[in-house]
Every structure is written in structure tokens, then in C-alpha cells.
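> Output the structure for:
(one chain, ligands or ions: 2)
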Amino acid sequence: MDLFSSEKNGNFIKLPLVDADVVYCPSFFTSEEATTYFETLTHQTNWQQDDITLFGKTYPQPRLTSLYATNSKPYSYSGITMFPKPYTDILKEIQRKIQTVSEENFTTVLLNLYRDGNDSNGWHSDDEKELGRNPVIASVSLGADRIFHFRNKKDKSVKHKLILENGSLLLMKGATQHTWQHQLPKSKKVIKPRINLTFRSIK
Ligand SMILES: O=C(O)CCC(=O)C(=O)O
Ligand SMILES: [Fe+2]
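Ligands and ions are numbered 1, 2, ... in the order given. Next up, the predicted model:
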């Protein structure tokens with residue numbers, strides 16, 4: 001499906017990032033769908049808090065995570081290896097809806113729970129080998145609005161900010177993970193939780 005002619009799924013905005021392909025859709029899901037998904041995933045997900053190792057030091061990850069997949073392939077990043085559980089019905093439903101616009105056969109979803117504005121996700125690219133060369137990553141946001149940043153890898157002063165809203169979809173494709181990093185910074189103002197799902201393909 002051509003993203004820009006899709007009316008049913010609302011408004012797709014292409015972000016002005018050089019050598020990247022990032023599209024944001026603010027209300028991909030209705031607020032009723034987003035509320036149902038948020039409530040169900042809060043309670044049904046097998047949330048865990050792993051330790052990560054960065055530059056030889058070990059810390060508890062500043063958020064909770066969980067991995068689900070249609071196969072049994074693990075996913076490794078920041079010194080953590082996660083083994084997936086099988087998709088639940090709600091994850092199948094969300095994936096079916098995003099697959100109508102993403103044209104990618106996702107196998108795996110990483111869920112993040114940011115309990116409040118103290119939880120965060122530091123600068124990184126999703127460039128692990130198991131994701132393949134130019135990964136398509138579909139990122140769904142539920143719950144509290146949070147600020148999201150991109151910065152260019154060659155010139156880290158080149159940044160782009162956006163707000164990831166409840167029920168939104170962000171699609172990152174093409175060279176994006178080679179040329180840009182992203183982060184979800186802490187925010188003193190945020191007191192409510194947010195759930196993020198990033199659908200990926202690990203073959
Ligand atoms: O929470 C988000 O919006 C970003 C998550 C992310 O970048 C990741 O899990 O790789
Ligand atoms: Fe990421």
C-alpha cells in the first residue's frame with residue numbers, strides 16, 4: 001500500500017532527516033484501541049528488568065522490557081540476550097494492523113515499559129546483525145506522550161525532536177539505522193507510564 005495515499009489510517013508525515021526514511025503517523029490507532037492495548041499489555045506482559053553492560057560497567061536498565069516472537073530466535077543488545085515468548089492474541093492483532101502499511105513480515109516484538117519520566121532509553125541505533133542490513137522497524141506508542149530525539153551519526157549536533165503520542169506509529173526504514181541514532185530522554189514532567197512496541201524481523 002502506498003503510505004501517502006492511505007486515508008483510512010490517518011496522516012503520515014515524512015520526517016526531514018537526510019539519508020534516512022522515517023515516517024510518523026500520529027493517530028494510527030483510535031484512542032479506544034490504544035486504551036485497550038495499553039491496559040491489556042500492562043497486565044499480560046511478562047515484564048523484566050535486565051542489567052545492561054555499557055563500557056564495562058553494569059547497571060539495571062532504566063525501564064522494563066519483554067520479548068515475543070513467532071520463532072524462537074533470541075535478540076541480543078547492550079550485553080543482554082533476550083529469549084522470546086510466543087505472540088499473544090493482542091500482539092498478533094497489533095501486528096496485523098501495522099502490517100497493512102509496513103510491508104514487512106515482522107517476526108519479533110520488543111516491548112518497553114517506561115514507568116514514568118525517570119525511565120528512559122539512551123542513544124543507540126537498532127543495528128544489531130540479526131536485524132539484517134536495512135531493517136524496517138515499526139514502533140507503536142501507548143500511554144503517556146514522550147519526547148523522542150534523532151541525532152545524525154556524522155554530525156551529532158544535527159538533531160530532530162518529535163513527540164510520540166498515544167496511538168501513534170513511527171516507521172524507520174532504509175539507511176536510518178546506519179546514519180542516525182535515537183533516544184527517549186528522561187523527563188521530569190512525565191508521571192504516567194508509556195508502553196512502546198518495536199516490531200522487528202529476525203530470520
Ligand atoms: O520507546 C521508544 O519509543 C524507543 C524504543 C527503542 O528505540 C528501542 O527499543 O530500540
Ligand atoms: Fe531503538
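> need the residues of the protein near ligand 1, please.
Within reach of ligand 1 by Cβ under 6 Å from any ligand atom, the chain has these residues: 110, 112, 121, 126, 139, 148, 164, 182, 184, 196, 198. Bear in mind the C-beta positions are built from the backbone N, C-alpha and C, glycine included.
> what's the last one in contact with, if anything?
Residues counted as contacts of residue 198 (Cβ atoms under 8 Å, 6 or more residues apart in numbering) are 109, 110, 112, 126, 137, 138, 139, 140.
> does the closest residue to ligand 1 within the chain have beta-bridge partners, and which?
Per Cβ to the nearest ligand atom, residue 196 is where the chain lies closest to ligand 1, at 3.3 Å. With DSSP bridges as the criterion, residue 196 is bridged to residue 112, residue 141.
> residue contacts, it?
111, 112, 114, 139, 140, 141, 142, 164, 184.
> and with 10 Å instead?
By Cβ atoms under 10 Å, 6 or more residues apart in numbering, the contact set of residue 196 is 63, 65, 110-114, 121, 139-143, 146, 148, 164, 170, 184.
> The closest residue to residue 171 other than its chain neighbours: neighbour count?
What sits nearest to residue 171 in space, not counting adjacent residues and going by Cβ to Cβ, 6 or more residues apart in numbering, is residue 23, at 4.6 Å. If you count neighbours by other Cβ atoms under 10 Å, residue 23 ends up with 18.
> what's across from residue 23 in the sheet?
Beta-bridge partners, per DSSP bridges, of residue 23: residue 14, residue 171.
> What of residue 59?
Residues in beta-bridge contact with residue 59 (DSSP bridges): residue 52.
> so it sits right up against residue 53, yeah?
Yes. Contact status for residue 59 versus residue 53: in contact at 8.1 Å, counting by Cβ atoms under 10 Å.
> Need the overlap of contacts for the two.
residue 78.
> For stretch 126-145, list every residue counted as buried.
For stretch 126-145, burial by neighbour count (16 or more other Cβ atoms under 10 Å) applies to 126, 128, 131, 135-145.
> Would you mind giving those as a markdown table with pLDDT added?
Formatted as a markdown table, these follow (pLDDT from 0 to 100):
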| residue | pLDDT |
| --- | --- |
| 126 | 96 |
| 128 | 93 |
| 131 | 95 |
| 135 | 96 |
| 136 | 97 |
| 137 | 97 |
| 138 | 98 |
| 139 | 98 |
| 140 | 98 |
| 141 | 98 |
| 142 | 98 |
| 143 | 98 |
| 144 | 98 |
| 145 | 98 |
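> Can you tell me which of the residues you listed is closest to residue 11?
residue 141 (15.3 Å; Cβ to Cβ).
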